[in-house]
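Novice: Kindly generate the corresponding structure for this input.
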Amino acid sequence: MADVLKSLNLLESLKESIEKNNISDIKDAVEDMLISRINIAVVGERGTEKAMFLNSLRGLSVGNEGAAICPSAAAPEELAVFPNPKHPDFRLWDLPTISSDPSFDPENYMDRYKILRYNAIIMTFTQSPSANMVAVWREARSLQKDTLYFALLASEKDTEKTLETKKMASLELLKTEGLSQPKVFLVCPAALEKLEFLKLLEVMQGDLPEIRAHALLLALPTFSSNLVAQKKEAFKALGWAAASLSAGVSAIPVPLVASMVDASVAVRILTKAQISLCLDDESVERLARQRGIEPNKLKGLRTCLLSVEISKSEVKRRLSVAEKDTTTATTKLVELAMPRHARSVSRSFTVMLQAMNSAIDDMSADADKIVAMATGVSH
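Specialist: Residues are numbered from 1 along each chain as shown. Take a look at the predicted model:
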């Protein structure tokens, strides 16, 4: 993995790479952040709630191509894989139900379904975790697998009171089974913005390596303003990387190279942003159908051209506007943040950064409006 990702402070790492002329490191970092695989296993009984959960994690619902169905199309002892249609590097693995047989061997289950190869494992149930599920959890933890989580999936019949009762009973059961500080997250499988999925996500992001947490964040559907804000910051970090590349390439004494590279890199990042923020036509239409809203109402909330379509001409226009708008004061401020060795190319850095930040701000604002209308949350 590129050295630029070893530090949690992306900006400082990028400055170091520019100081050392390590443009290749920055290119590698951009590739790692744009294309990073993540595999999540979902364990538990194959019922309606689990199917809905697998679909919601990919922004799908029953009837959509590639959606999980109930009963499962997979044989009882076979695992099923569910790729994300918009993010091919994000895969969900539906692991078979853990047997309640007293002779169940957790080690055999782990070996057969390669539990340790997944980046994270979510153990789901609708009543309480079984003793054998806890046995698998304990076996995995003994092998230094830390990214395992218990999720209590709400059913249509559940009320706030019944869910709280089930959660308390599950926590007591886990303590009885020897878990000292167990955590159980309440999840509404059909509407992830409700209950405690965002808390679960926060814990997962803290446990996963930074690049995997980044991949998970960008691949999840945008169903809350909190996620919009997180994705906005992630893409602004990519904007810094793009600006750093721009600064490095602008030092190459070949006409038009810098502008061509600038537009190409910006298009890639903004295309990823459009898909991640669920602003493309297909994602907006699908969300509208799921929430019972006229699709054109949600589509009409997109006021940024890049939210509707990522075109090189619009990207170039924004770069041109940023070039004209960049003031001496702005350039001086950026120079202060840049290593001395790189200050000769600070104007190129500033132009690219301003264009990227402006685009990401506008696209995120559109995503916020769509999320607010779809979830019925007013700003």
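
Novice: in this protein, which ranges drop under the pLDDT threshold?
Specialist: The model of the chain has pLDDT under 70 over residues 1-33, 245-262, 326-347, 377-379.

Novice: Verify the contact between residue 224 and residue 374 for me.
Specialist: No: with contact defined as Cβ atoms under 8 Å, residue 224 does not count as touching residue 374 (10.1 Å). (C-beta placed from N, C-alpha, C; glycine too.)

Novice: Compute the distance between the spatially most central residue of the chain and residue 171, please.
Specialist: Most central in the chain under Cα atoms, centre = their mean is residue 217, positioned 1.8 Å from the mean C-alpha point. Going from residue 217 to residue 171 by Cβ to Cβ, to the nearest Å gives 28 Å.

Novice: Could you do residue 368 as well?
Specialist: Taking Cβ to Cβ, one finds residue 368 at 35 Å from residue 171.

Novice: The stretch 51-200 of the chain: strands as residue ranges?
Specialist: Under the criterion DSSP state E, counting those that start in this stretch, the stretch 51-200 of the chain contains strands at 80-83, 90-94, 120-125, 148-153, 184-187.

Novice: Need the contact partners of the fourth one.
Specialist: Surrounding strand 148-153, the residues in contact under the criterion Cβ atoms under 8 Å, 6 or more residues apart in numbering are 44, 49-50, 52-53, 120-126, 129, 137, 140-141, 163, 166-167, 170, 174, 182-187, 189, 200, 203-204.

Novice: Now restrict those residues to buried residues only.
Specialist: 44, 49-50, 52-53, 120-126, 129, 137, 140, 163, 166-167, 170, 174, 182, 184-187, 189, 200, 204 (16 or more other Cβ atoms under 10 Å).

Novice: still on that earlier bit, surely the residue nearest to the centre of the chain and residue 229 touch.
Specialist: No: counting by Cβ under 8 Å, residue 229 is not a contact partner of residue 217; they are 10.9 Å apart.

Novice: from memory residue 115 sits against residue 93, does it?
Specialist: No: judged on Cβ under 8 Å, residue 115 makes no contact with residue 93 at a distance of 10.0 Å.

Novice: circling back to that earlier point, do you know which of the strands of the stretch 51-200 of the chain lies nearest residue 355?
Specialist: strand 90-94 (28.1 Å; Cβ to Cβ).

Novice: Neighbouring strands - and their directions - for that closest one?
Specialist: strand 38-43 (parallel), strand 80-83 (antiparallel) (DSSP bridges).

Novice: Now find how far off-centre that strand is within its chain.
Specialist: Distance of strand 90-94 from the chain centroid (Cα atoms, centre = their mean, to the nearest Å) equals 13 Å.

Novice: ok and it relative to strand 120-125, angle-wise?
Specialist: Interaxial angle, strand 90-94 versus strand 120-125 (axes from the mean of the first three to the mean of the last three Cα atoms, to 10 degrees): 40 degrees.

Novice: For the longest helix seen in the chain, what is the distance to the chain centroid?
Specialist: Identified as the longest helix of the chain according to DSSP state H is helix 346-375. When C-alpha coordinates are averaged (Cα atoms, centre = their mean), helix 346-375 and its chain have centres 17 Å apart.

Novice: what's that helix packed up against?
Specialist: Applying 3 or more Cβ pairs under 8 Å, 6 or more residues apart in numbering; DSSP states H and E, one finds that helix 346-375 contacts helix 225-249, helix 257-276, helix 281-291, helix 295-299, helix 305-308, helix 312-325, helix 328-337.

Novice: Output the shortest one as PDB, nothing but the C-alphas.
Specialist: As requested, C-alpha coordinates have been extracted for helix 305-308 and formatted as PDB (Å, rounded to 0.1, in the frame of the first residue of the first chain):
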ATOM      1  CA  LEU A 305     -24.800  19.700 -13.300                       C
ATOM      2  CA  LEU A 306     -22.300  17.200 -12.000                       C
ATOM      3  CA  SER A 307     -24.900  15.500  -9.800                       C
ATOM      4  CA  VAL A 308     -26.900  14.700 -13.000                       C
END
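
Novice: hang on, the earlier thing: tell me which residues touch the residue nearest to the centre of the chain, please.
Specialist: 205, 227, 230-231, 234.

Novice: Restricted to buried residues, select those in ChimeraX.
Specialist: Filtering the contacts of residue 217 down to the buried ones (16+ other Cβ under 10 Å) takes a single ChimeraX command:
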select :227,230,231,234
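
Novice: Out of the contacts of residue 217, the closest to residue 306 would be?
Specialist: Nearest to residue 306 among these, with distances taken as Cβ to Cβ, is residue 231, at 14.5 Å.
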